[in-house]
Structures are given as C-alpha cells and as structure tokens.
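>>> coords please:
(2 chains)
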Amino acid sequence: MRVQRCKGTRDLSPEEMGRFRLIEGVFRDCCLKWGYQEVRTPTLEYLHLFTSTGTLTPSRLGRVYSFLDWDGWSGERVVLRPDGTIPIARLYIDTMEDRELAKLFYVTNVFSFEETGKESREMWQCGAELIGAGSVMADVELVILALEVVKRLGLEGVELRLSHADLIRALLSKFRLDPGEQARMFDQILDGDPSVLSRVKAEQPVLAKALTTLIDLKGRSSGFLKNVKALFDHDLPELVSPLNNFITVVELLESLDISCYIDITSVRGFEYYTGLIFQLFSGEDNIGRGGRYDALIPLMGGRDIPASGFALYLEPLMNMVKAQALGASPVPGVLIRAEGAEGIFQEALGIASRLHEAGFAAEIYLGGREPADLRWTLDIRDKAPRLEMVDRLTGEGYHLDNTDQVIMQLGPGSAP
Amino acid sequence: MDETANILEKAGWALTGYHEEMRNYNLESQRFPGLSAKVFHEKDIPIQVSVGNYDLGICGLDWVEELLVKYPSSAMVKLRNLGCGEGSLYVVASQSKGESSLEELQRGKVTIRIASEYPNLAEAYALKMRLRRFSIFPLWGAAEVYPPENAELALIPGERDEPRFNHELVVVGHVLDVNACLIANRDSWEKKDLGEILASIGDGLSAGGKSSPGVAAASAWDKLSKVQLQQKSPVTGINQSSTAAEGIVRLALPDGHQQKPTLRLLNKAGLKIDDYPSASGDRRPVLGFSGVTVKVIRPQDMPLQVANGNFDLAITGRDWLAEHRCRFLSSPVEELLNLKFGRVKLVAVVSHDLPVDDIDGLKQLYKERAVPIRIASEYFNLADRYARDNHLGMYRVIPTWGASEAFLPDDADLLIENTETGTTIARHNLKIIDTLFQSTACLIGNQESTVDSTKEEKIKSITETLRSAV
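As a prediction, this is how the structure comes out:
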C-alpha cells in the first residue's frame, strides 16, 4: 500500500513555498512599515474561547477540530485554532492589556473540517489586528494596508466589498426577539441560510420588506448609502447611526480614490463583527476579509476596548501571484564541482563555507541536474588549473589560485 | 429486542436463536438462505452499517443520530420507522436547588457539565445552545444519576409524552424523538437488490396490525430527520454543587454484576448499606458511615469521574483504571486498595481458524495484506496501546459497546477482551493468543483531592475499614 497524505491536507512544493514566502515577506514588510508588530499564538487553544455568542457561528463551530487533551479528564476540550482573530484577542487580554494601543500581525494556519476532502482543512492566513483604536481612520488604515499588500504582490482589479454588521443587527433588533434568538437569526443570515428571510416574511411583512430591500440593494458610493438612509430615515431611525458610520468610512475611502462595492450580504460566518466589514475579491475569489469587532475583547473577559483587523488568505493568493512578482534577482551564486582525489572534496566544502560567510550562495554539485539559477560554476581539480570559474551568463572563464580570488571575482557579497 | 424479534418473526425470517438468552451472535434465516444476520450492541449498528460491513441494520434512531450529528457524511440511509421502541431524548436538570436558567448559568461563568451516553448529541446541543464553557462526560450509562452534584445537565432517554424522571429531574430541552428504525448502507441501497428482504419487513409491519406503516413512517421521518434542539426556560434548580458539601466523601459503587461481591465486601467490613443492589433501580443507596454519600454508576465511568473530582472514591476494576490512564497520562487517579474480587484476564483474541499462536504470528499473517488490522475492543485506549507496543503497523481500533465477540472474524481481526474462564471465548470459536494483564476490583481515589483534612481522614478511614475485609 502506498503512503498517503491525510485527507484534506496539502503539501507545499519548493516552488509553492517560494510564492508563500514572497507573500509573507511583502505582508510583513507592509505591516512593519505601518508600525505593526509580529506575534505568534499556539496551535492549540481551549474550545470555550470560541463557543460563546459573538465569537464563531454554530456552523463554523460544528467544523472545528476539538478533542480532549492528554490531561483532559475534566472534559475541557481543546481545538486546533479555527480562527486567527480570537486567539489574538485572548493574547491581548492575557499579556498586553496595559497597552492603550496594540498593532499586531501574524502569519498563521487555521483549521476547519471540510467534508469532501478536496479543499484543504488547513488554511494559512496573514492577519493584522488593531486593538485600541475605534475611529473611522483606524478602519480605513486597515483597508489601505490590505490593499497595499495585494498591490505590491502585483494583483490587479481587486475589488473591495463593504458591509456593516451593526446595520444588520439594528434591523434584527426590530424583530423583538430575545437576545438568544436574535443571535441565532444573525448566525443564520451570516451562514447564508435563506430560510430565515422566508420565515420573517411570513411573520413580519413590513420589516421583512425593509430587510429584503437592504439585502438586495447594492451600490458603489457614499451617495448610494445616503439614498438608503433617506429611504429608512422615517420608519427605522435605528438604522441611522450605523448608516452614518458607514457613510463616513465610504466618504474617506472615496477621498483617497479607493473604489468600493457596497453589498450588505457580503458576510458569511463571522459573528464577532460589530461595524464595518470589508472583503477583497479578485474575480470570484475571496482573498481577504476584515472588520471591526468592538465587542469581542470585553465579551471574552477583557476590558472594554475597540478593535478591528483583517486577514488575507494565502491559498488563493498563491495561485495568483505570478512568477515575475518573485522579482528580485537571486544573489550571485556558485555551483562548485569537485573532481579528483579525496582531499579535493574537503577543499570544495571549505570553499563553499568561505563563500557563504562572504555572503554568496554556493552549492556543491552532488549529481543529477545542475541548478539553473546559479550564475557561476567553479571547478576544483587536483592538477592545474586548480580553480576554473565560468560566468554562465557571458560564457567567460577564469583560472584562479585560491578562494580570495574567487570572492574578488564575484564582487561585493550580499551579507555583511 | 422482543419487539424486533416480533417484527422479524412476522416478516417470516425464521431466525434461529434470536432471544435474550442467545448463546451465539450469528443468526441464519431459514426463509432467506443468502441472508446472514448478526447481533450487536445497538450503538455499534449504525457504525457497522456505515462502514459497509452490513447492508441493513435495525436499531434506535438515537444511535443513528448520535453517529450522524458528528459524522454527517456517514454512508447510511434511514429507510423506515419500524413503529416500535418509541421514546425521546431529553436534556434534564435537577430542580432540587434554587432557580436558574441556562443563560444565567453561563453569565455566572460556570462550566456546564453534561453527562450522557450520547456525547456527540450532547456536544451538538451545547454548541447549538451557545453554552459558553461546557464539559461533556461521555458515559457508559446511568447518566440520570449525575445531576445535580456531578453534572448540571444530563442528556437521557425518556418516555415520548410527559416523561417522568426520578430525583426532581426536569426537562430543559427536547433533543430528539426516537423509534426503532431500519437503516441501510448507502452503497448497498444504491447497488444491491435488497427488495425481497425489505418487502418482508414491510409485510411484518403490516401483519403486526400497525396502521399503514409506510405512510406513517414517511411522515415521521420528516419530523425526525434533523436533530431538534429546543429549550424550555426558565430552568429550575441548576447549581454547581460538586464541591458544595464540604467534608462529605462521595463514593461511587458499581452497578451490574459487581454489585453482589461489592455488597459482600461492605458487609464483611461491617458497613451497612440500604437498597444496594436496588430492586427499584434507585442509584442512591444510603451507607451506614456518616459523612459519606453514595451513587451507583458504571465501573467504566468511574476513573474519569474520580479524576475530574466528581467522586472521591470508587470501586471499579483495574482494567478500567488502566484504560483511563492510557488515555490521560497524567491523571491524578490512583489505586488505594486491591479488593481482590472480580478477577479477570485481559486477553488478545483471534478467530480459532487462524493459523497463528501469538501476536507475532498475526503480524506475519497480515504483513502483505493491503487493509489495516482491525482491532475491536471495549478498551479502546488499551487496544490502541497494545497495537502500538506490538508495532502492528497499519491498524484501526473499532470501539465497541459490548458483545465484542460478535465482531470476529468478519468485522475485526483481533479482539482485546476480558475473560474470567475463557469459556465464552471458546464457545464463539475464538482463541486467546496473548494475555495483557490480570485485573481485579479495586478502590480508587484522587491524589489531588485531599486538601480538606476532615475529608482526608474519612477517606483513610473508609480505606482501612475496607482493607480489613479484603
């Protein structure tokens, strides 16, 4: 029987890892420039972090990998991290609460069961969280940061889609449900369950009409939102406050020449959002999502502090990043070929180490196909000419006596 | 069982030996020579049908849903309601203390403990109800005796309408209506001709005088096909009270066939106990030892319940203690006293027809086989460790809930089982190829629970009293 990869998992080949690291590198660079600091949280967390209303929806909870740890006799379950944001909130409460402002970023894997096994059950994401800033400016900073990353990755035509969680909630609050039922209804809307609407239509036709109007309306400007506001101003004053917040965000984006598409229904499966929700699409592919989650940290037992964040999804991005975006030419490298008596191999290994110290890539030829991305070859022999170096770009060759001359020939190295 | 036997008799299957005192789990039908049937513990049936070992199965809908709620893509089709075995699954709480509701409990940031033989349905309930922090205690049985001291909630079966429960248990949620049902493996259902057998069951139902079971079954399925989770509020009387009674020692005594030797031991030690074993099925006998409360639970469940602090002392078997320690490596449970009764061996068992005498022989025999070695056992973790220690390579452990002998040779290759004399094993044409260890009954305690000095003294005193009787 052949060895098998676990169902729903994937390997990343050297070529894929090249693209993975490129995206990660661009993301890290952008975050650092905006003043964010990198953190890493554990793969295992307690299940109860994710179970309360306001964290994950039941449909997402139904797909978490949860189990009893080796010391789980109390029945306390642990999970393979199903979400990137909640552990960051936990980390903030745990060790950072003295900070008025925490700007954090991470590159991490999240796990969620997927039934067919055709899609990966382990997904990687690049996330940034901004804890302590509740302004519209903070919302827009995150949008710009996310867009900056995809732009630097060379992706074109990325669409920004906006929705607003408080707007949906304000409408749901009109249905006079108890908080539990309201949360369940919100879950179902976020899970994309159409039966909710039909049930609402039967029970509360007037409200249902407002809800369907809001859900069906899609537009591209703050003017559109102002029209919506005018439409509901009289009948549903609860919607005014979230609409005003939404309008301010869109106006700021417009002033920065960032176009967006407003679609209230463009949210799925995240119930911790409280304000703006944004998503990035490249064609049909959702490549990132973020938003404001002011209630999460207090809900988890932390202090009352606003927060927002986003995550970019590595799997779709890896398929989109083109080889040329890999950009920077590799450091000048040398392929070392040794031929002759035993002492020659020792010398070859010594030269490779010297070249590495000087900041050059140097590989020893061990058989198989020669790597194509190294510019130079260096042949070491036990008889003259002892060292022969060839520039594979130009075809020029040099006879040299020692490693110092090789380093001279290569020019300035890339390391200190 | 009687009702199933009745339906199959009316279906004209003419099964040989299907009754309570059956000595063989393999049945043959005189009417359908091509049909072979096997008797399993109900909980095993949906799993056996889903994995394709059987084309058809008859069991309670509770066990079908217990599998489906966790593994919705199981290859199983629910065919029809058999119109018997009616009941419901409920989530219950005790109303003996105070007033509370699920919401209030969560606001109090208390872990909600749910005891059940249906851990998957219990977890689905907890997630659906958005319980913030919960623990599920998967049990072998007696879940109804856990609230309020040892669990806030229990998910248990009850009567369909107006269920009544002992000890002030009240229904806080209706989970599922249950019937005996006929299930099929999806692949068999789609590809095999099972028409004659299915028709005979239909005949059996009609002959039983049920009113148009086909229609009734269909409409019932609409109602039952999804897990219904509802909550009635407010919930009365839930209180986190496991640690409430200071200085009180909580002792767990075994149900089942260990009751008589346990009673003998208690009597010999001069301890009086009322209503144990209980004729009425009551699980709270009174022990003549002040400051000690007693509950009767399954010995299989005891080590975990002692580890999590629900009980201070328990009389269980060394086999179940070892099983627990295999799963929870740093468990605080320890053996306080070997009680020396209930002597059994834990053995590795294969079909008598296999040409092997030991575990190495079995490994050699299956070395070239492309499918994994299947190990059936009630001792899931011990079986797993046995397979690892013996480097069985590619293997699967099939957890069973009783009647494990039925799995060999068709549905498992190896069995890890306990035996007193070996006669049951021989009767099923099986043989022992290895002995894992000897087990006896023992008194267990929690080495971390002795912070309370009164309690500690009482635990010592009980241990010494029992020691004098061993």
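>>> State the pLDDT value of residue 83.
Let's take chain A. On pLDDT, A:D83 comes in at 93.
>>> please go with chain B instead
Note for B:G83: predicted pLDDT of 83.
>>> how close does it get to B:L89?
18 Å (Cβ to Cβ, to the nearest Å). The way it works is simple: take the backbone N, C-alpha and C, and place the C-beta from them, glycine included.
>>> Compare the two (neighbour count), which wins?
B:L89 (28 against 20; other Cβ atoms under 10 Å in any protein chain shown).
>>> Tell me if the more buried one really is in a strand.
Yes - assigned with DSSP: H, G, I helix; E, B strand; the rest coil, B:L89 falls within a strand.
>>> and the end-to-end length of stretch B:124-142?
20 Å (Cα to Cα, to the nearest Å).
>>> what comes up buried for that stretch?
B:124-140, B:142 (16 or more other Cβ atoms under 10 Å in any protein chain shown).
>>> Now, those that are in strands?
B:F134, B:S135, B:I136, B:F137, B:P138 (DSSP state E).
>>> where along the stretch 301-450 of chain B do the strands fall?
B:313-317, B:333-338, B:344-351, B:373-377, B:395-399, B:414-419, B:430-439, B:441-446 (DSSP state E, counting those that start in this stretch).
>>> Out of those, which gets the lowest mean score?
Lowest mean pLDDT within these: strand B:395-399, a mean of 89.
>>> that older thread, make JSON lines out of the strands of the stretch 301-450 of chain B and add mean neighbour count and distance to B:V77.
Converted to JSON lines, these look like this (neighbours: other Cβ atoms under 10 Å in any protein chain shown; distance: least, Cβ to Cβ, whole Å):
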{"stretch": "strand B:313-317", "mean neighbour count": "26", "distance to B:V77": "39"}
{"stretch": "strand B:333-338", "mean neighbour count": "18", "distance to B:V77": "42"}
{"stretch": "strand B:344-351", "mean neighbour count": "21", "distance to B:V77": "31"}
{"stretch": "strand B:373-377", "mean neighbour count": "23", "distance to B:V77": "24"}
{"stretch": "strand B:395-399", "mean neighbour count": "19", "distance to B:V77": "22"}
{"stretch": "strand B:414-419", "mean neighbour count": "24", "distance to B:V77": "29"}
{"stretch": "strand B:430-439", "mean neighbour count": "16", "distance to B:V77": "32"}
{"stretch": "strand B:441-446", "mean neighbour count": "24", "distance to B:V77": "44"}
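>>> quick one: which of those strands is nearest B:E456?
Across these, B:E456 has its closest neighbour in strand B:441-446 (10.0 Å, Cβ to Cβ).
>>> Quickly run through the sheet partners of that closest one, with directions.
In the sheet, strand B:441-446 lines up against strand B:313-317 (antiparallel), strand B:333-338 (antiparallel) (DSSP bridges).
>>> neighbouring contacts of the shortest one?
With contact meaning Cβ atoms under 8 Å, 6 or more residues apart in numbering or on different chains, strand B:313-317 is reached by B:249-254, B:258, B:262, B:297, B:299-300, B:302-303, B:305-306, B:336, B:339, B:342, B:344, B:439-445, B:459, B:462-463.
>>> So, low pLDDT: which residues of the chain?
Using chain A here. Where chain A drops to pLDDT under 70, the residues are A:1, A:53, A:178-184, A:186-194, A:197, A:266-270, A:323-331, A:413-416.
>>> nope, chain B
B:20-24, B:96-101, B:103-109, B:206-245, B:449-451.
>>> Go back to the ones in strands among the buried residues of stretch B:124-142 and keep what's next to chain A.
B:F134, B:S135, B:I136, B:F137 (Cβ under 8 Å from any Cβ of the partner chain).
>>> quick one: contacts of the host helix or strand of A:E141?
Using DSSP states H and E, A:E141 falls within helix A:136-152. Applying Cβ under 8 Å, 6+ apart, the contact partners of helix A:136-152 are A:23, A:26-27, A:29-31, A:34, A:36, A:126, A:128, A:130, A:158, A:160, A:245, A:248-249, A:252-253, A:256, A:258, A:275-276, A:278, A:280, A:282, A:287-288, A:290, A:292, A:306, A:308-310, A:312, A:317.
>>> Beyond that helix, next helix or strand please.
Per DSSP H and E, helix A:136-152 leads on to strand A:158-164 as the next helix or strand towards the C-terminus.
>>> Which elements pack onto that next one?
Contacts defined by 3 or more Cβ pairs under 8 Å, 6 or more residues apart in numbering or on different chains; DSSP states H and E place strand A:158-164 against helix A:136-152, helix A:240-255, strand A:261-263, strand A:276-282.
>>> what angle do the helix or strand that that strand is followed by and strand A:276-282 make?
As assigned by DSSP H and E, the chain's next helix or strand after strand A:158-164 is helix A:165-172. Interaxial angle of helix A:165-172 relative to strand A:276-282 (axes from the mean of the first three to the mean of the last three Cα atoms, to 10 degrees): 120 degrees.
>>> Let's see helix A:165-172 as CSV, backbone CA atoms only.
Output of helix A:165-172 as CSV, limited to C-alpha atoms (Å, rounded to 0.1, in the frame of the first residue of the first chain):
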residue,chain,number,x,y,z
ALA,A,165,-22.6,44.3,10.9
ASP,A,166,-24.3,46.9,13.1
LEU,A,167,-26.6,47.8,10.3
ILE,A,168,-27.8,44.2,10.1
ARG,A,169,-28.1,44.0,13.9
ALA,A,170,-30.1,47.3,14.1
LEU,A,171,-32.6,45.8,11.7
LEU,A,172,-32.8,42.5,13.5
